[in-house]
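Asks: Here is the input, now give the coordinates:
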Amino acid sequence: MNHPAAAKTYREQQAGSLRAGDHLLLPDGERSAEIHSVEVETDDFGSPATILATLTGGGTLRIAAGSSVRITEPAVDDFHAPADAGNDAARTASVVEGATSADGAGTADGAQASGAQASDAGTPLSVVGNSVVGNQAPAEPVRTAPAAVVVPPLPATTPVVIGPSADDLALIPQPSGTPESVVEAVAEAHPDSTGVQLLADKLVKGINTKSGSCLKDLSDLAHELFVMLKDAEAALAVADLLNVLPFDGNPGRWGSVEASLALSSYVCRQTGHKDRAAVYEKLLRAPENQETDPFKARMQARVRQRSLNEPNLYDKEIFRSIDNSNHEAEREWRLLRLESLLFLRAHGGSQTISGSELERRIANELESVRA
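Replies: As a prediction, the model looks like this:
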């Protein structure tokens, strides 16, 4: 319904205060459309960045959150009078700065997003910022706006690596008895190993999977069994006490599980159990697929790839220990290097170190620490 004599007043407010029911004066300054819903897109720091105004007739307008807008309170609406005559007349928001059309052009094409009929004639108009406002003149014939360009929503999640299935997890044997009994059996099999006995003495008293120190002892025991004693079967039996634990969001506790999974993957590939090794590798990468925000997931993937391309292999510490003839310190640093190499191997290498090169380096470190 057109009302040529309708006088309008204006007041400024932030674009972020727009809400459903407001009538938005489109970028051409001639037509308006009712806002069906308002969504706020935030930046990476959580601050409002863009206002997405979905229009009742179809289409979406993108408005910078910091833009100033002008709200008009005409005597009657540009389209139709409200059903409740007792209510205030619908407000019309005129975007003064930061407004763009649905296709990002920032031209009168954005006015087509109303998806309905609107009046497009008026008295001589004055320009305010990028918008045209003024009193309406006698109406000209009504034109139908072309179909709106709808901005499709972003995907809820990014493609992720599928985690292990039930059949995959079935490849990991169930422990024979309680976790404490598994550790006790390993200790009985290696009575002359001081390292095994010291770790087993602490673990047989009770294994608490919520304790970071307990998980570290289990991981160290699995490494001691494989690296120093070359007992792959016992190492896997102990490691599997950790391998089935899910990521609980605590990086400290997960570090021990991660080291155990990387060791288990290597041991299985060395012994010909490639399917079982693949399950460990899927479990190792499971926390990397939990981010649902597409942008954050991409950024995390870049950071992760950079860490894989530039791993800390403790070269300076090892060379310093060699220069000081400190063989015990050299061995400890080499064990840490070995863990880093095993982790890279479980990821299939990186862009700077191939899988075959990792195999060679791991073999060299095993020979060095076992000497």
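Asks: low-confidence ranges in this structure?
Replies: Low-confidence segments of the chain, defined by pLDDT under 70: 1-13, 27-30, 44-46, 57-59, 68-163.
Asks: The same query, at a cut-off of 90, please.
Replies: 1-171, 174-177, 246-252, 285-309, 347-356, 371 (pLDDT under 90).
Asks: Show the residue spans covered by the strands in it.
Replies: According to DSSP state E, the chain carries its strands in the segments 10-14, 23-25, 32-42, 48-55, 60-64, 68-72, 92-95, 99-100, 117-118, 126-128, 131-133, 143-144.
Asks: Tell me the strands beside the fourth one, with direction?
Replies: Which is strand 48-55. Strand 48-55 pairs in its sheet with strand 32-42 (antiparallel), strand 60-64 (antiparallel), by DSSP bridges.
Asks: Pick the most deeply packed of those.
Replies: Among the strands paired with strand 48-55, strand 60-64 has the highest mean neighbour count (mean count of other CB atoms under 10 Å), at a mean of 21. For the C-beta atoms, the positions are set from N, CA and C on the backbone; glycine is no exception.
Asks: Quick check: which of the strands paired with strand 48-55 is nearest to residue 335?
Replies: With CB to CB as the measure, strand 32-42 is the member of the strands paired with strand 48-55 nearest residue 335 (44.0 Å).
Asks: The closest residue to residue 196 other than its chain neighbours: what's it in contact with?
Replies: Distances taken as CB to CB, 6 or more residues apart in numbering place residue 190 nearest to residue 196, at 4.7 Å, with adjacent residues excluded. By CB atoms under 8 Å, 6 or more residues apart in numbering, residue 190 lies in contact with 196, 197, 225, 229, 231, 234.
Asks: again, but for residue 202
Replies: If you count contacts by CB under 8 Å, 6+ apart, residue 202 has them with residue 217.
Asks: Which stretches in the chain count as helices?
Replies: Along the chain, counting by DSSP state H, helices occupy 166-169, 179-189, 194-203, 212-223, 232-243, 251-270, 274-285, 294-309, 315-323, 327-346, 355-370.
Asks: Nearest to residue 26, out of those?
Replies: helix 294-309 (29.3 Å).
Asks: buried residues in the closest one?
Replies: 297, 308 (16 or more other CB atoms under 10 Å).
Asks: got the CA coordinates for stretch 257-273 in CSV?
Replies: In CSV, the C-alpha atoms belonging to stretch 257-273 read as follows (Å, rounded to 0.1, in the frame of the first residue of the first chain):
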residue,chain,number,x,y,z
VAL,A,257,48.3,-41.9,24.9
GLU,A,258,49.6,-40.3,21.7
ALA,A,259,53.1,-41.7,22.3
SER,A,260,51.7,-45.1,23.0
LEU,A,261,49.6,-45.1,19.8
ALA,A,262,52.6,-44.0,17.7
LEU,A,263,54.8,-46.8,19.2
SER,A,264,52.0,-49.4,18.6
SER,A,265,51.6,-48.3,15.0
TYR,A,266,55.4,-48.7,14.4
VAL,A,267,55.6,-52.1,16.1
CYS,A,268,52.6,-53.5,14.2
ARG,A,269,54.0,-52.3,10.8
GLN,A,270,57.4,-53.9,11.7
THR,A,271,55.6,-57.2,12.6
GLY,A,272,53.4,-57.2,9.5
HIS,A,273,50.1,-56.3,11.2
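Asks: who touches it?
Replies: The contact list for stretch 257-273 (CB under 8 Å, 6+ apart) reads 171, 215, 218-219, 222-223, 226, 232, 235-236, 239-240, 242-243, 245, 247, 274, 276-277, 280-281, 283-284, 339, 342-343, 345-346, 362.
Asks: Buried subset of these, written for ChimeraX?
Replies: Filtering these down to the buried ones (16+ other CB under 10 Å) takes a single ChimeraX command:
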select :215,218,219,222,223,226,232,235,236,239,240,242,243,245,247,276,277,280,281,283,284,339,342,343,345,346,362
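Asks: which ones are touching residue 222?
Replies: Here residue 222 is in contact with 235, 236, 238, 239, 242, 260, 263, 264 (CB under 8 Å, 6+ apart).
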